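Colleague: turn this into a structure:
(2 chains)
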Amino acid sequence: MAFNVLVVDDSAVMRTMVIKTLRLSGVPVGEVFQAANGEEGLERLRDHWVDLVLLDLNMPQMNGEELLAEIRSHPDTQAVAVIVVSTEGSEARIRRIKDLGAEFVHKPFRPEELRAVIRDLTGVSDESFDPVPAVSNGGGDF
Amino acid sequence: MNPSTQFRLYQTAAATFEELAMLFPSEELTEEQEALPFTVGVAVRFYGPKSGRLEVRASVGVLPAITENMLGADGAVDPQMQKDALGELGNVLCGNVVSSMTNGVGVFHLHPPRHMDPAQFSELLEPNEECVNIGFDEGRAQVRLFLSSR
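Modeller: This next block holds a predicted model:
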């Protein structure tokens, strides 16, 4: 099974890094969609089949927490796996995110961490994933 | 200057440069690195349990290396992506620094990164400001943390 992925972050550099790290994680990736804020993210979700959302918190127009609440409030998207990728350190805010059924990954993170979180969140066995490729000079960190 | 705040600032900054941008700090700043002027900078304002501003300044050579490493690009990257990369580095660094100040208690809000012209760089430290310098093969960076007194 390959995951169709939506990456929502207002930074084009960070979206590129997330996608690069995702590909390095060995998780089978299908189509990858991108959005620069929560509103664009909702549009992508309306227009495409998405299995996994990787979501930043601090964004203009509609932030990550608001988008997560929207995702959970619609029958078509409420079961989509969501991982919040952020520098957020507030335990209260992280708890709110987890209460909405999302996982949390702290920036910067490694491909192995992302792989483990996706495995736990989706219940897809590790055997279904590709091995994590060896990366020289730490180029896989994010 | 508070030694523990300064130590924490250095540790967090060095780890962020290393993990996010694959730039590895040298053990000590050389005279050559120390003499390099800063050519780019970014500031991120924050408020919450504590309020203030975090600045990252870098000498020529550091910004292209940050961008190429973050993107996995080989060669020239367009200037807008370079600005975006520096902004994101400032953002991640600020988020990690403020979180470490309160051990995860309280919610901080970060403003979008604001790019600075070198003419805006002040050499003087304000009373509530900490500053650390980090040397790399590619040049040097400086991270400044200002806490407002309110």
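
Colleague: what residues of stretch A:73-83 count as buried?
Modeller: Neighbour-count burial for stretch A:73-83 flags A:77, A:80-83 (criterion: 16 or more other CB atoms under 10 Å in any protein chain shown). Where C-beta positions appear, they are placed from N, C-alpha and C, glycine not excepted.

Colleague: now B:V77, what's its secondary structure?
Modeller: Under DSSP: H, G, I helix; E, B strand; the rest coil, B:V77 falls in the coil class.

Colleague: pLDDT at it, what is it?
Modeller: B:V77 is assigned a pLDDT of 79 by the prediction.

Colleague: which of the buried residues of stretch A:73-83 sits closest to chain B?
Modeller: The closest of the buried residues of stretch A:73-83 to chain B turns out to be A:I83 (CB to the nearest CB; 16.6 Å).

Colleague: residues in contact with that closest one?
Modeller: Counting by CB atoms under 8 Å, 6 or more residues apart in numbering or on different chains, A:I83 touches A:52-55, A:102-105, A:114, A:117-118, A:121.

Colleague: need those in JSON lines (columns: distance to B:L93, secondary structure and pLDDT).
Modeller: What follows is the contacts of A:I83, written out as JSON lines (distance: CB to CB, whole Å; DSSP: H, G, I helix; E, B strand; the rest coil; pLDDT from 0 to 100):
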{"residue": "A:L52", "distance to B:L93": "27", "secondary structure": "strand", "pLDDT": "97"}
{"residue": "A:V53", "distance to B:L93": "25", "secondary structure": "strand", "pLDDT": "97"}
{"residue": "A:L54", "distance to B:L93": "21", "secondary structure": "strand", "pLDDT": "97"}
{"residue": "A:L55", "distance to B:L93": "21", "secondary structure": "strand", "pLDDT": "96"}
{"residue": "A:A102", "distance to B:L93": "24", "secondary structure": "coil", "pLDDT": "96"}
{"residue": "A:E103", "distance to B:L93": "23", "secondary structure": "strand", "pLDDT": "95"}
{"residue": "A:F104", "distance to B:L93": "19", "secondary structure": "strand", "pLDDT": "94"}
{"residue": "A:V105", "distance to B:L93": "17", "secondary structure": "strand", "pLDDT": "94"}
{"residue": "A:L114", "distance to B:L93": "21", "secondary structure": "helix", "pLDDT": "93"}
{"residue": "A:V117", "distance to B:L93": "23", "secondary structure": "helix", "pLDDT": "94"}
{"residue": "A:I118", "distance to B:L93": "26", "secondary structure": "helix", "pLDDT": "93"}
{"residue": "A:L121", "distance to B:L93": "27", "secondary structure": "helix", "pLDDT": "91"}
